[in-house]
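Make a model of this:
(one chain, ligands or ions: 1)
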Amino acid sequence: MSEFPRVRPRRLRATPALRRLTAETRLHPADLVLPMFVREGIDEPVEISSMPGVMHHSLSSLPRAVEEAAAAGVGGVMLFGVPLEKDAIGSGATDPDGILNVATRVAVDAAQGALVVQTDLCLDEFTDHGHCGVLAADGSVDNDSTLERYDEMAVVQAEAGSQLIGMSGMMDGQIGSARDALDDAGHSNTALLAYSAKYASAFYGPFREAVQSTLVGDRRTYQLDAANGREGLREVDLDIAEGADIVMVKPAMSYLDVLAETAATSTVPVWAYQISGEYAMIQAAAANGWIDLDAASYESVLSIKRAGADAILTYWATELATRLQKGLIR
Ligand code: PBG
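Residues are numbered from 1 along each chain as shown. As a prediction, the model looks like this:
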């Protein structure tokens, strides 16, 4: 008499050792990139209230945090600058002594080559109007004059030692333009990370506080509409054609379909950014005792990897890498 059911998927789930051996996806510390905020004019680090556990670093607290990330085996850090002064064209972004560029030198020095120091290339932290580009007379974000600012920024960031420049402004042609500018300035070895499928998302909320954003309005004329998956793939194709070394989908958790489709076809590495709001909502639920922080943070990042990300930017990078290193999670 045949037993039923003969096919029993539960066999492989029976013990922790079997589950470990048959896991299809594993996180590794080197898969993780830590976004870091460096703020001008502070001596001590200050916690960002909308992102509990995430700091505004000072130039003096930055090295230690970079060393901790490196010691945990984190693959890279992504630096954001929070300047004291902002103006219409974001002058601080292209000042070699501006906070982001100084922080880059400090981080490169601290990292000692153990992890990749990356920089965010966008104007929103530096403009008084808070947009990612410069404005035309009618108040719209002017694509092509913004490209000129991005090109200058790229060269200054490369000169400060950034090894991988994260193009997050969503201007048309930004990858090709920055690539040419870098090559012309002798920085052909500086790599470009394209925030290709970057969506206009409500989940950026906590980040806006983190960079003291003054934005009035929204970014919908340049960031993608949440409704559009195909358009995200088109942006990925364009960026690869323009010379992107890595493409990215952002945010991550609400866009896993776009991530999976990108991963299925991309010929360059595919990354994802688990953004501030994704972090903050899990932190908040955990602080209320509604979910377990360790389990939920791990599961969320593992899911992003399972969907196809080769590496993940996450504010939990150092914590997760440390737990992975200690064998607390696989
Ligand atoms: C642009 C930039 C943003 C983020 C990363 N780069 C903000 C935005 O586009 O509004 C968001 C990151 C996060 O929310 O964690 N400089």
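
on contacts alone, who are the packing partners of the helix or strand harbouring Val156?
For Val156, the element it lies in under DSSP states H and E is helix 143-160. Packed against helix 143-160, as judged by 3 or more C-beta pairs under 8 Å, 6 or more residues apart in numbering; DSSP states H and E, are the following elements: helix 99-111, strand 116-121, strand 164-167, helix 174-184. (Glycine included, C-beta is placed from N, CA and C.)

Give me the average confidence score over the shortest one.
The reference is to strand 164-167. Looking at strand 164-167 alone, the average pLDDT works out to 98.

now swap in the second one and tell me
For strand 116-121, mean pLDDT rounds to 98.

again with stretch 19-37
On average, stretch 19-37 scores 98.

going forward, begin numbering at 423 instead of 1
Yep, numbering from 423; the last one is stretch 441-459 now.

So which bits of that stretch are buried?
449, 451, 453-459 (16 or more other C-beta atoms under 10 Å).

Likewise for stretch 716-724?
718-720, 722-724.

Pull out the CA atoms of it and give them to me as CSV.
Coordinates of each C-alpha in stretch 716-724 appear next as CSV, following Å, rounded to 0.1, in the frame of the first residue of the first chain:
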residue,chain,number,x,y,z
ASP,A,716,17.3,40.7,15.5
ALA,A,717,15.0,38.3,13.7
ALA,A,718,13.2,41.0,11.6
SER,A,719,16.3,42.9,10.6
TYR,A,720,18.0,39.7,9.5
GLU,A,721,14.9,38.4,7.6
SER,A,722,14.4,41.7,5.9
VAL,A,723,18.0,41.9,4.6
LEU,A,724,18.1,38.1,3.7
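
what's next to that stretch, contact-wise?
Outside stretch 716-724, the residues that touch it by C-beta atoms under 8 Å, 6 or more residues apart in numbering are 447, 449, 454, 675, 696, 700, 704, 707-708, 734, 736, 738, 741-742, 745, 751.

Mark which of those are part of helices, please.
Using DSSP state H, the subset of the contacts of stretch 716-724 located in helices is 700, 704, 707-708, 741-742, 745.

Serialize those to CSV and add fields for pLDDT.
Below are the ones in helices among the contacts of stretch 716-724 laid out as CSV (pLDDT from 0 to 100):
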residue, pLDDT
Glu700, 98
Ile704, 98
Ala707, 98
Ala708, 98
Glu741, 98
Leu742, 98
Arg745, 98
